[in-house]
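Student: Provided below are the primary sequence and the corresponding predicted coordinates.
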Amino acid sequence: MAVIIIVAAVGVGAFYLTKDKNNEINLIAAVNTNGSGLYIDKSIDTSHMLKYDATDQEYYVDESCAPYWSGLVFGTPGISTIQHVQLLQLATDMGMNFALYQANSSNDAPNTLYYDPQVPNADTALSQTRSYLDGGTLWQPQFQKIITDSRFVELVLTGEVWPGHACCCIAGSNSYLTSNSDQVVSFLAAYVQAVNWVNDAINYGDPTSANYNSAYDANYAWLVEEGQKLAGNAFTQDVIEESLRTVTYTYGDSSNPTAPLSTLSTQVGTLADQLEALGNVAVKKTLSDLGFNNSTEFANKFVVGDYLAQALQLVEDGTPTSSGSMKTLTVAVIAGDIHQIAVHVAQDLPKEFTGGTSDGFFAEYGLNVNFSSQTNGIGVATAVQNGNSVLGVMGAPPITITVINGELVKA
């Protein structure tokens, strides 16, 4: 079965694809960096929970911060999400234990940060069933929604601790990529144009931007409306606008079109090292089990930039590949994920903005994309595995965990 996976920041657990003769999975593009945050009960004194490096202009923690985190209970959207892995990294950097919160237990072990991995959204965190939470970590726009409530405030954005951290990626099965390379390149070319459009709309259309230009007012207004449509009626315009300002939309290294995934490859290698260093939390195999001497070798096999390089050239040439009948793709997406907004822009953007003859960049490249909304990463994985979707959405750590544990990338 042909599979492409669009990797995003939300999910509940890692999944394992059924093995076949060609079960290798490859990352073929980035999607975004940053775009999540840590929230904290407003009654908690946060003045000693973080330190600030004025030279690097980023926040960090060390062992001196541990007493101010000890005993707190933080919610995460799932043990294999990037938000959970980042919280675990903070605990590790402070030399703390990281333990599952247990109901009807004292949860008072020394030097321990507790987590509840079943807090996937703001409504769950704010419910009476989670009254024990002291804080947590969520993706946008859920994070922005929760800090507008009277109970929680912002502790720090993930991009302020790990600037430019890898968050979302596009991946596909090697068998599909090699058998349908023209279609893959067309998909990526349309996505590249959508990312560029989104960034221009934010950089020039946001009234708070230093680059604000009234000529982009209509673009920005449409983008915010699209964000509200994705997130739902519970998310106000202000929440959507603030969310868009915290996400960095990307497809790769635009300054290096012949090797556009060099940064992503480095980040994936770092992630693989971090997962191994954190112990037997989610990764059950080592890179050496897969035949690699180090994470660089693994990342170089896992991340393939050739398709994106071809897509960038296709965009540069300005000639869409659309001809003959449209190719239909079904994409499983996580409902309300603003990290994925560029995918929806590529599908929905009116032709008055695309400058083409059809609504959406995908149509300009001969692609008819249908979206299948899922509540979480497990739902997306199921849709992909049972063949209901040929595209799907999954977190960056889950896909890395999946390919390591499932031996889906080997030397």
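Tutor: Great, that's in hand.
Student: next helix or strand past the longest helix anywhere in the chain?
Tutor: Counting residues, the longest helix found in the chain (DSSP state H) is helix 181-205. Using DSSP states H and E, the helix or strand that follows helix 181-205 in sequence is helix 217-231.
Student: show me what that next one is in contact with.
Tutor: Contact partners of helix 217-231, identified using Cβ atoms under 8 Å, 6 or more residues apart in numbering, comprise 141, 197-198, 200-202, 204-206, 235, 237, 239-241, 243-244, 335-338, 340-341, 344-345, 348-350, 353. Every residue, glycine included, has its C-beta placed from N, CA and C.
Student: between it and helix 181-205, how big is the angle?
Tutor: For helix 217-231 against helix 181-205, the angle by axes from the mean of the first three to the mean of the last three Cα atoms, to 10 degrees is 120 degrees.
Student: next secondary structure after helix 217-231?
Tutor: Trace forward from helix 217-231 with DSSP H and E and the next one is helix 237-246.
Student: run the angle between that next one and helix 181-205 for me.
Tutor: Using the same axes, to 10 degrees: helix 237-246 against helix 181-205 is 110 degrees.
Student: all the helices of the stretch 1-150 of the chain, residue numbers only.
Tutor: 82-93, 122-126, 142-146 (DSSP state H, counting those that start in this stretch).
Student: counting by contacts, list what the last one packs against.
Tutor: It stands for helix 142-146. Under the contact criterion of 3 or more Cβ pairs under 8 Å, 6 or more residues apart in numbering; DSSP states H and E, helix 142-146 touches strand 36-41, helix 122-126, strand 135-139, helix 237-246.
Student: pipe the ones you listed into JSON lines and attach mean pLDDT, mean neighbour count and distance to Asn211 per row.
Tutor: Output for the helices and strands packed on helix 142-146, formatted as JSON lines (pLDDT from 0 to 100; neighbours: other Cβ atoms under 10 Å; distance: least, Cβ to Cβ, whole Å):
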{"stretch": "strand 36-41", "mean pLDDT": "97", "mean neighbour count": "24", "distance to Asn211": "24"}
{"stretch": "helix 122-126", "mean pLDDT": "96", "mean neighbour count": "20", "distance to Asn211": "31"}
{"stretch": "strand 135-139", "mean pLDDT": "96", "mean neighbour count": "27", "distance to Asn211": "26"}
{"stretch": "helix 237-246", "mean pLDDT": "96", "mean neighbour count": "19", "distance to Asn211": "13"}
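Student: any chance of the ones you listed in CSV, plus distance to Glu276?
Tutor: Output for the helices and strands packed on helix 142-146, formatted as CSV (distance: least, Cβ to Cβ, whole Å):
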stretch, distance to Glu276
strand 36-41, 23
helix 122-126, 30
strand 135-139, 22
helix 237-246, 29
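Student: which stretch among the ones you listed comes nearest Val283?
Tutor: Nearest to Val283 among those is strand 135-139 (20.2 Å), distances taken as Cβ to Cβ.
Student: strand partners (parallel or antiparallel) of the closest one?
Tutor: strand 36-41 (antiparallel), strand 73-75 (parallel) (DSSP bridges).
Student: Serialize those to JSON lines and add fields for distance to Pro320.
Tutor: What follows is the strands paired with strand 135-139, written out as JSON lines (distance: least, Cβ to Cβ, whole Å):
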{"stretch": "strand 36-41", "distance to Pro320": "34"}
{"stretch": "strand 73-75", "distance to Pro320": "44"}
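Student: nearest approach to Tyr59 belongs to which of those strands?
Tutor: strand 36-41 (9.9 Å).
Student: so where is the chain shaky, pLDDT-wise?
Tutor: Residues of the chain that meet the criterion pLDDT under 70 lie in 1-22, 280-281, 319, 321-324, 376-387, 389-391, 393.
Student: ok, now with 80
Tutor: By pLDDT under 80, the low-scoring segments of the chain are 1-23, 80, 171-173, 175-177, 278-282, 319-324, 330-334, 374-399, 402.
Student: bridging residues for the residue nearest to Leu50 when sequence neighbours are not counted?
Tutor: Leaving aside its sequence neighbours, Leu50 sits nearest to Tyr59 (Cβ to Cβ, 6 or more residues apart in numbering; 4.7 Å). Under the criterion DSSP bridges, Tyr59 forms beta bridges with Tyr52.
Student: narrow the contacts of helix 217-231 to just the buried residues.
Tutor: Taking 16 or more other Cβ atoms under 10 Å as the criterion, what is buried in the contacts of helix 217-231 is 141, 197-198, 200-202, 204-206, 235, 239-241, 243-244, 335-338, 340-341, 344-345, 348-349, 353.
Student: quick one, which of the helices of the stretch 1-150 of the chain is nearest to Ala309?
Tutor: Among the helices of the stretch 1-150 of the chain, if distance is taken as Cβ to Cβ, the winner is helix 82-93, at 25.8 Å.
Student: so which residues make contact with the closest one?
Tutor: Contacts of helix 82-93 (Cβ under 8 Å, 6+ apart): 9, 36, 38, 60-62, 69, 74, 76-78, 97-98, 113, 115, 117, 137-139, 158, 161-162, 165, 167, 271, 274-275, 277-278, 281, 395-397.
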